[in-house]
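K.L.:
Return atomic coordinates for the entry below.
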Amino acid sequence: MGQRCWRKKTESLTTINTSTQEETSDAPTTTQGRSTEEVTTTFQSTSVSPLPTQYDQTTATQVPGNLVTKILITDAQKKIYLADLSTFTFQLHISLQGEPWDIDFDETGQKIYWTDISDNGLWRADIDGSNAVRIRTSTYDGPKGLAISQTSRQAFCAYDGSHVVTATDLNSPGSEMVIINPTGNNPRAIVVDDEQNVIYWTRDKGIDKAGKDGSSKAEVYNNEDLSDIDGLSVDVSGQRLLFSDSGRKKVFILNLNTNSVTELTSSYEPSDIAFFNQKLYLLNINPTAIYEVNHLDASPTFVEHVASTYTAPRRMHIQTVIMPNLDGMEEGEEESEEEDD
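P.N.:
Residues are numbered from 1 along each chain as shown. Purely as a prediction, here's the structure:
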């Protein structure tokens with residue numbers, strides 16, 4: 001979670017149906033027994049070629065356009081939704097056959113990534129929602145946490161079922177390696193602090209941290225009354241963690257310098273939270289809404305943004321997007337691109 005710049009190919013959103021598929025890797029690396037399959041993706045609006053086996057970050061291009069902040073939400077009903085942060089008007093972005101859980105974005109590769117708990121897979125797509133492809137199937141169970149390091153270009157996954165945290169080089173999707181084992185019971189949400197080169201993840205009754213290589217594992221917070229810490233976000237500049245427990249319907253702020261904890265609210269049921277531009281956003285389960293929390297350090301105020309489009313929210317990611325200038329395109333028409341190795 002956090003601010004990550006990405007671009008979008010077209011002003012209009014396209015509903016995309018994807019068939020289960022997986023990208024194979026030509027270059028074998030140290031793995032934990034990954035399986036690979038030949039895959040095909042079918043889109044309603046356009047026919048596309050499979051992605052290359054490894055994305056070369058040097059091919060990422062800059063497209064002139066306007067900066068717009070978007071919200072991506074995974075839904076238990078096999079959907080990914082998107083909205084402008086300024087309007088909170090959600091539209092269907094990607095329609096899936098699997099069950100997406102956590103979601104993040106790689107700035108360099110300009111790709112959306114998400115985990116799928118139905119196939120234990122790691123998926124990615126272009127920023128306009130096209131070219132959805134499973135890049136890895138894991139032998140570990142329950143990938144409920146995903147965090148991408150923008151500096152090392154690694155994807156960190158927390159596996160609720162197998163109680164491990166893994167790291168994957170985004171240029172080599174088959175390189176998944178366990179870096180924390182065991183993590184403690186049921187690791188869920190995970191975030192990266194690239195400035196401090198550490199990762200944080202939630203578990204039953206608490207939060208732990210370690211270096212990005214898995215070293216120096218330590219407990220950060222423990223509370224015997226909590227068991228469903230599903231939301232986690234980091235305020236890098238303020239050196240604090242913000243986290244939520246959906247079962248207890250509580251949201252907390254942990255000061256990493258003093259280890260002091262403040263209970264922000266117990267009036268909502270967030271499945272996830274995100275700290276962005278000095279504001280906190282709560283992805284609420286019932287009612288389905290996003291609560292924008294202002295003035296965190298003084299007297300917090302909560303602004304409700306009701307959303308009726310999605311029905312079973314799981315995780316969200318807030319991202320600043322570069323909307324390209326595509327004046328020559330017809331409304332609803334997508335820009336076609338090919339990627340080369």
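
K.L.:
Just give me how far the helix or strand hosting residue 231 sits from the chain centre.
P.N.:
Element membership of residue 231, judged by DSSP states H and E, is strand 229-235. Centre-to-centre, strand 229-235 and its host chain are 12 Å apart (CA atoms, centre = their mean, to the nearest Å).

K.L.:
How far off centre is the first helix or strand past it going along the chain?
P.N.:
Once strand 229-235 ends, the next helix or strand along the chain (criterion: DSSP H and E) is strand 240-245. A distance of 16 Å separates the centroid of the chain from that of strand 240-245, by CA atoms, centre = their mean.

K.L.:
what angle do strand 240-245 and strand 229-235 make?
P.N.:
Relative orientation of strand 240-245 versus strand 229-235 (axes from the mean of the first three to the mean of the last three CA atoms, to 10 degrees): 160 degrees.

K.L.:
strands paired with the following helix or strand past strand 240-245, and their directions?
P.N.:
Later in the chain than strand 240-245, the nearest helix or strand by DSSP H and E is strand 250-255. Strand pairing for strand 250-255, determined by DSSP bridges: strand 240-245 (antiparallel), strand 261-265 (antiparallel).

K.L.:
and the gap between the residue nearest to residue 75 when sequence neighbours are not counted and residue 137?
P.N.:
Excluding the flanking residues, the one nearest residue 75 by CB to CB, 6 or more residues apart in numbering is residue 310, at 4.5 Å. C-betas here are computed from N, CA, C, even on glycine. Applying CB to CB, to the nearest Å, the value for residue 310 to residue 137 is 26 Å.

K.L.:
With residue 231 instead?
P.N.:
Distance of residue 231 to residue 137, computed by CB to CB: 27 Å.

K.L.:
hang on, residue 91 packs against residue 80?
P.N.:
No. Residue 91 is beyond contact range of residue 80, at 10.5 Å (criterion: CB atoms under 8 Å).

K.L.:
higher neighbour count, these two?
P.N.:
Using other CB atoms under 10 Å, the more surrounded residue of residue 91 and residue 80 is residue 80, with 23 against 13.

K.L.:
Compare neighbour counts for residue 231 and residue 137 and give me the winner.
P.N.:
Between residue 231 and residue 137, counting by other CB under 10 Å, residue 231 is the more crowded of the two (27 against 20).

K.L.:
How much space separates residue 153 from residue 214?
P.N.:
Going from residue 153 to residue 214 by CB to CB gives 17 Å.

K.L.:
And residue 292, by the same measure?
P.N.:
Using CB to CB, residue 292 is found at 35 Å from residue 214.

K.L.:
ditto for residue 239
P.N.:
According to CB to CB, residue 239 and residue 214 sit 22 Å apart.

K.L.:
secondary structure class for residue 321?
P.N.:
Secondary structure for residue 321, judged by DSSP: H, G, I helix; E, B strand; the rest coil, is strand.

K.L.:
Across the sheet, point out what pairs with it.
P.N.:
For residue 321, the beta-bridge partners are residue 6, residue 68 (DSSP bridges).

K.L.:
I'd say it and residue 110 touch.
P.N.:
No. Counting by CB under 8 Å, residue 321 does not reach residue 110; the two are 10.2 Å apart.

K.L.:
Ramachandran angles for residue 124?
P.N.:
Dihedral pair for residue 124: phi -150, psi 160, per degrees, to the nearest 10.

K.L.:
So which bits of stretch 143-158 are buried?
P.N.:
Of the residues in stretch 143-158, 143-150, 153-158 count as buried by neighbour count, 16 or more other CB atoms under 10 Å.

K.L.:
how deep is the residue nearest to residue 227 when sequence neighbours are not counted tucked in, by neighbour count?
P.N.:
Excluding the flanking residues, the one nearest residue 227 by CB to CB, 6+ apart is residue 204, at 5.2 Å. Per other CB under 10 Å, the neighbour tally for residue 204 reads 16.

K.L.:
Please report the distance of residue 204 from residue 188.
P.N.:
Applying CB to CB, the value for residue 204 to residue 188 is 9 Å.

K.L.:
Now do the shared contacts for these two.
P.N.:
Residues touching both residue 204 and residue 188 (CB atoms under 8 Å, 6 or more residues apart in numbering) are residue 229.

K.L.:
which ones are touching residue 202?
P.N.:
Counting by CB under 8 Å, 6+ apart, residue 202 makes contact with 145, 158, 187-190, 229-230, 232, 243.

K.L.:
pLDDT weak spots in the stretch 51-200 of the chain?
P.N.:
51-65 (pLDDT under 70).

K.L.:
Many thanks, we can stop here.
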